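Peer 1: Quick one: sequence plus predicted model below, questions after.
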Amino acid sequence: MIRVILVAAATVSLLSTAAIAAPCKDPKTGKFVKCQPPKSAAAPKRCRDAKGHFAKCGTPGAKPA
């Protein structure tokens, strides 16, 4: 019984580490290359008016915060 549990735990640990440490592969050449960091979404620009309140960036007198 204990042997079955240990074998199952070892199998799960091997499969999970392979999924985490998967390197990037170049589709054109088929060679492994350094992975590019994921692109983050551009942060929305916020603007403030002359009084310091948030305003739409298209309004007159608004400057990027």
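Peer 2: Received it, and whenever you're ready, just let me know what you need.
Peer 1: Low-confidence stretches in the chain?
Peer 2: Along the chain, segments meeting pLDDT under 70 span 12, 14-22, 41-44.
Peer 1: what ranges do the helices span in it?
Peer 2: For the chain, the helices defined by DSSP state H occupy 2-20.
Peer 1: which residue is nearest the middle of it?
Peer 2: Compute the mean C-alpha point of the chain, and by CA atoms, centre = their mean the closest residue is residue 38, 4.8 Å away.
Peer 1: Now do the contacts for it.
Peer 2: If you count contacts by CB atoms under 8 Å, 6 or more residues apart in numbering, residue 38 has none. Quick note: C-beta positions are derived from backbone N, CA and C, even for glycine.
Peer 1: Look up how far residue 23 lies from it.
Peer 2: 15 Å (CB to CB, to the nearest Å).
Peer 1: Kindly report the same for residue 39.
Peer 2: 19 Å.
Peer 1: can you check residue 4 too?
Peer 2: 32 Å.
Peer 1: unless I'm mixing things up, residue 23 is touching residue 35, no?
Peer 2: Yes: Residue 23 lies in contact with residue 35 (CB atoms under 8 Å); the separation is 6.8 Å.
Peer 1: The closest residue to residue 57 other than its chain neighbours and residue 40, how far apart?
Peer 2: Distance criterion CB to CB, 6 or more residues apart in numbering; nearest residue to residue 57, sequence neighbours excluded, is residue 47 at 4.0 Å. Distance, residue 47 to residue 40, by CB to CB: 21 Å.
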